[in-house]
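Undergrad: test case, fold it:
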Amino acid sequence: MTGRRRERTGLDDESCRAHALLVAKMRRFLAVVVELEPGAPELLMEAALLLERNGVPGCHPFQVTRPDGCVELGYAKSRWAVELYRWLLTDSCVPERHRQRMQAVLLGFGAESIDSMEAAWRLMWTA
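TA: Numbering: from 1, shown residues only. Alright, predicted model coming up:
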């Protein structure tokens, strides 16, 4: 992989493989590896190929397009995790505080980490 490509997507083989292993070993249900701005199909293809090449048994590459047009690519343990993540990103009926909690669980954060994030959010909301 050339340095130029690394600059374009911010990805490299080593970081993709590390994310894939975390998912395959069930440390998290999914891992978002990169977020790409809309209107860059060549970068999307480049990133998708890199994820495909660096996947490991027990994880599957995925991509989700957010309502703002940005595309998130990563690895998932199972299809239901991607479906749940896509729903969290695209359904405006999900209350924001619940959306953030469920995303944190899917991304592998534990209860203590989520409690800490909530404490920080409360400070921001009351400031």
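Undergrad: now do the contacts for the residue nearest in space to the middle of the chain.
TA: Residue closest to the average C-alpha location in the chain (C-alpha atoms, centre = their mean): V32, at 1.8 Å. Each residue near V32 by C-beta atoms under 8 Å, 6 or more residues apart in numbering is listed here: 72-74, 107. For every residue, glycine as well, the C-beta is placed using N, CA and C.
Undergrad: apply 6 Å and report the result again.
TA: By C-beta atoms under 6 Å, 6 or more residues apart in numbering, the residues touching V32 are 72, 74.
Undergrad: what's the spacing between the helix or strand hosting it and its chain's center?
TA: Using DSSP states H and E, V32 sits within strand 30-36. Here strand 30-36 is found 3 Å from its chain centre; the criterion is C-alpha atoms, centre = their mean, to the nearest Å.
Undergrad: average pLDDT across that strand?
TA: In this model, strand 30-36 has a mean pLDDT of 95.
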